[in-house]
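Q: after the sequence you'll find the predicted model.
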Protein chains: 2
Amino acid sequence: MKACGLIVEYNPFHNGHLYHARKAKEISNADCTIAVMSGNFLQRGEPAIIDKFSRAKIAVEQGIDLVVELPYYYAVQHSELFAKGAITLLSALKVHSVCFGSEHGDIAGFNQILGLLSNHQDTYITYFKQALTEGNSYPKAHEKAFYRIGGKDLPVDIAKPNNILGFQYVHSINEIDRSITPLTIQRIQNDYHDQVISEPIASATSIRNELLKEKLPDKILKTTIPNTTRRILLEYKKDHSYWHDWEKYFPLLRYRILTMTADEISGIHGVVEGLEHRLINAAKEAISFESFMKAIKTKRYTWTSLQRVCTHILTNTTKQEIIAKIHTEMEPIRILAMSSVGQQYLNQNKKQISASVYTSIKKPYPNHLLDERLAAAYYSILPIQSQQEQIAQDYMPPYRL
Amino acid sequence: MKACGLIVEYNPFHNGHLYHARKAKEISNADCTIAVMSGNFLQRGEPAIIDKFSRAKIAVEQGIDLVVELPYYYAVQHSELFAKGAITLLSALKVHSVCFGSEHGDIAGFNQILGLLSNHQDTYITYFKQALTEGNSYPKAHEKAFYRIGGKDLPVDIAKPNNILGFQYVHSINEIDRSITPLTIQRIQNDYHDQVISEPIASATSIRNELLKEKLPDKILKTTIPNTTRRILLEYKKDHSYWHDWEKYFPLLRYRILTMTADEISGIHGVVEGLEHRLINAAKEAISFESFMKAIKTKRYTWTSLQRVCTHILTNTTKQEIIAKIHTEMEPIRILAMSSVGQQYLNQNKKQISASVYTSIKKPYPNHLLDERLAAAYYSILPIQSQQEQIAQDYMPPYRL
């Protein structure tokens, strides 16, 4: 059996994701799809709108064969580490290809950039460091270094967010496992109607923005997401009173920041260069997460890197802990949901798969203390009984279709 | 001018407190009364029902001349350190006497116990340690050691809570400043009607219990507390939506415990002998503060010592920090409210008073980082704008009558 890997967050699963999954299977000629999905906290430093088990269940009901979790210490990181973590998992799971969506839409361009980078590695690093010294953010410094080695006519517009992420996937595949074939499909615009699916495609961000409005947006719920997503989203809110978004966590985040010492905050992953003092001062004055973020934002830090810092504060994740995890041998892979095809893939490739795979979890396991902290933080905004029910899910077998 | 010192919490100020203040002034023959009052967190490890500034204001309006704050690191401690801190402050403020309420009601008995203790110091300590080893709580071990050196007929029943606290005051006076005359008055029972005040006296605990019921208890508010207390309590709730009690903090406490590592919890003041694991396990299961407390309670720890641990977790106060504070030279004394007589006392005794006295506070001052954390924790249950208004009070001049 041949598997195609997808790297996803499904926050929430929408028509664009459905298109991506179908198209990936088609062009990879794979027998099944394996999605590496971020858990309850996402790459942009946000809590997922609903929990990882619900999101994985939707994915499997929509045709994904296997959903595995990208651990927190790779998921809530800048794009390089995020890509490295995801490709490491997919390599261990022996996928033949990885298919990602990009604005560029043609894999040849990504391979050209990869060639360019290997020919100018040292120059690239020099330019990158120089750009950081000049006060640029991490992604901006990458962008500038690329333009310096590639000139104006880079084969791919790496200022586009999904192009740069795609490049990181191709780069990681090159570093980690060259037996994987990278593939890309063009991302479909907001108002594009595709033949494959008859419904409109909107971005996950715009769908979330609509969902979080006071009045439930019927139109969005009826046209941009599959029925399964709609049903599970509504059930979640009915059962647990809320969907998850940063504003709901702000009182907890604020309490946490204002009752930590500056020294403790400076030990949190991502807090650099005296950022702890900006965080404390902003937390005192801010009346919402939005106003807090605006108060800490500077040219040096992207909005998403600051959101990641907030996530690490909320979950109390220290620099030390992240370093230890990143340098640990590969830990067992956690299955969040699977179809019978996914199950069959695991059975057939048991010997080839180079990591143990959890289908059911018992304490203690390597990550259980971190996982419990993450779950406590993520569910903390729900009524206490919902928190307890949801946390218990960590020890139940994954959803099987 | 002669001052009589009172050691109080005023949570909230009720008719019994009024009786105590008047009687103290009368028997001490003092010109004014100085109350050392716990701040926002109390000796029993509880948040005060309303903030320290409001409680101090009520006290001054009810005839107390000067209210100074007992710092957190003395206030939220077992009775020995609590008494030591309070007497240290009153000694620095040059009071001539200290008057406390006790079940016993006669100072001679306390002096006899003091004599007994100095004659059997070593034996007492041996018995005390032995009782601890046998798994008794701290106060129970004290009680047992007293009975061992004093026999059955101790002059004071030191099993009574206000007798043991009173003994600690007398003991501290003996250690710190023998120029202070200890005085005691008998505490008045729940249903006792006194000639001095015509209204009934109920304990602060029973008044708080009534206040925290869903439906506002008109009867309590009309009969057991002065009008000023009633007015300020109601204003506080109107302005800030809530009175403070542990149940409201439970979601925050639970979040905090479940997102700290066991190692971090074991660094918190009062966490000993692996209590961190009990705390984590109980926090996972509990659905209320009450059920949480019941789950962690053992013979070894009193309810109040466990509540103090919860307070230190909520405020993130470490063993290290408490040790540093307790061993620091006396810090400036903070005035919370004063009458013109209190002001006059301070002016007249400026040269004698052996500590600096804050009447208005500017950052930075020795305790400002701790104070800011305490305020952030205490107000964390209020709407964010109330939190900010209340925290700002720390830098306003004290209330003057």
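A: That came through fine.

Q: nearest spatial neighbour of A:Ser266, chain-adjacent residues omitted?
A: Of all residues not flanking A:Ser266 in the chain, A:Glu276 sits nearest, at 4.6 Å (C-beta to C-beta, 6 or more residues apart in numbering or on different chains). C-beta here means a position set from N, CA and C on the backbone, and glycine is covered the same way.

Q: the one you found touches A:Ile265, doesn't it?
A: Yes. Using C-beta atoms under 8 Å as the test, A:Glu276 is close enough to A:Ile265 to be in contact (3.8 Å).

Q: any stretches of the stretch 101-250 of chain A with poor pLDDT?
A: A:189-199, A:217 (pLDDT under 70).

Q: next SSE after the helix or strand that A:Asp263 is a member of?
A: Using DSSP states H and E, A:Asp263 sits in helix A:262-266. From helix A:262-266 onward toward the C-terminus, using DSSP H and E, the following helix or strand is helix A:275-285.

Q: what packs against that next one?
A: Taking 3 or more C-beta pairs under 8 Å, 6 or more residues apart in numbering or on different chains; DSSP states H and E as the contact definition, the neighbouring helices and strands of helix A:275-285 are helix A:246-258, helix A:262-266, helix A:289-296, helix A:303-314, helix B:384-392.

Q: how far off centre is the longest one?
A: It stands for helix A:246-258. Its chain's average C-alpha position is 22 Å from that of helix A:246-258, according to C-alpha atoms, centre = their mean, to the nearest Å.

Q: what does the third one give?
A: Shown here is helix A:289-296, whose average C-alpha point lies 22 Å from the average C-alpha point of the whole chain (C-alpha atoms, centre = their mean).

Q: for the residue of the stretch 301-401 of chain A found nearest chain B, give me its contacts.
A: Of the residues in the stretch 301-401 of chain A, the one nearest chain B is A:Ala376, at a distance of 3.4 Å by C-beta to the nearest C-beta. Under the criterion of C-beta atoms under 8 Å, 6 or more residues apart in numbering or on different chains, the neighbours of A:Ala376 are A:387, A:391, B:254-255, B:258-259.

Q: A:Arg148 now?
A: For A:Arg148, the contacting residues are A:123-124, A:127, taking C-beta under 8 Å, 6+ apart as the criterion.

Q: same thing with A:Ala295?
A: A:278, A:281-282, A:285-286.

Q: which parts of the biggest helix by length in chain A are buried?
A: As far as residue count goes, and with DSSP state H defining each element, the longest helix of chain A is helix A:161-176. Neighbour-count burial for helix A:161-176, counted by 16 or more other C-beta atoms under 10 Å in any protein chain shown, picks out A:162-174, A:176.

Q: and if you look at stretch A:239-259?
A: A:240, A:243-246, A:248-259.

Q: same check, this time on stretch A:342-357
A: Buried positions in stretch A:342-357, judged by neighbour count with 16+ other C-beta under 10 Å: A:342-346, A:355, A:357.

Q: which ones among those residues lie within strands?
A: Secondary structure of those is defined by DSSP state E; positions in strands are A:Val357.

Q: how about the buried residues of stretch A:342-357, which pair is most distant?
A: By the measure C-beta to C-beta, these have their two most distant members at A:Gln344 and A:Ala355, which lie 18.6 Å apart.

Q: picking up where we left off before, out of the buried residues of stretch A:239-259, which touch chain B?
A: Among these, the residues that sit close to chain B (C-beta under 8 Å from any C-beta of the partner chain) are A:250-252, A:254-256, A:258-259.

Q: using JSON lines, lay out these together with distance to B:Lys362.
A: What follows is those, written out as JSON lines (distance: C-beta to C-beta, whole Å):
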{"residue": "A:Phe250", "distance to B:Lys362": "29"}
{"residue": "A:Pro251", "distance to B:Lys362": "28"}
{"residue": "A:Leu252", "distance to B:Lys362": "30"}
{"residue": "A:Arg254", "distance to B:Lys362": "24"}
{"residue": "A:Tyr255", "distance to B:Lys362": "25"}
{"residue": "A:Arg256", "distance to B:Lys362": "27"}
{"residue": "A:Leu258", "distance to B:Lys362": "20"}
{"residue": "A:Thr259", "distance to B:Lys362": "22"}
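
Q: closest to B:Ser305 out of the residues you listed?
A: The shortest gap between B:Ser305 and any of these belongs to A:Thr259, at 21.3 Å (C-beta to C-beta).

Q: so who does that closest one touch?
A: With the criterion set at C-beta under 8 Å, 6+ apart, A:Thr259 makes contact with B:314-316, B:373, B:376-377, B:380.

Q: one more pass at 7 Å, please.
A: The contact partners of A:Thr259, by C-beta atoms under 7 Å, 6 or more residues apart in numbering or on different chains, come to B:315-316, B:373, B:376-377.

Q: looking at those residues, which are in helices?
A: Among the contacts of A:Thr259, DSSP H puts B:373, B:376-377 in helices.

Q: closest one of these to B:Asp157?
A: Comparing these against B:Asp157 with C-beta to C-beta picks out B:Ala377 as the nearest, at 36.6 Å.

Q: what is the burial count for A:Asn111?
A: Neighbour count of A:Asn111, defined by other C-beta atoms under 10 Å in any protein chain shown: 15.

Q: list the contacts for it?
A: A:Val170.

Q: so which strand or helix has it?
A: With the criterion set as DSSP H and E, the secondary-structure element containing A:Asn111 is helix A:107-119.

Q: only alpha carbons, please: show stretch A:384-396 as CSV.
A: Written as CSV, here are the backbone C-alpha positions of stretch A:384-396 (Å, rounded to 0.1, in the frame of the first residue of the first chain):
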residue,chain,number,x,y,z
ILE,A,384,-15.3,21.9,35.1
GLN,A,385,-17.2,18.8,34.3
SER,A,386,-16.6,19.3,30.6
GLN,A,387,-12.9,19.7,31.4
GLN,A,388,-12.8,16.4,33.2
GLU,A,389,-14.7,14.5,30.5
GLN,A,390,-12.5,15.9,27.8
ILE,A,391,-9.3,15.2,29.6
ALA,A,392,-10.4,11.6,30.0
GLN,A,393,-10.5,11.2,26.2
ASP,A,394,-6.7,11.2,26.2
TYR,A,395,-6.9,7.6,27.6
MET,A,396,-9.6,6.3,25.3
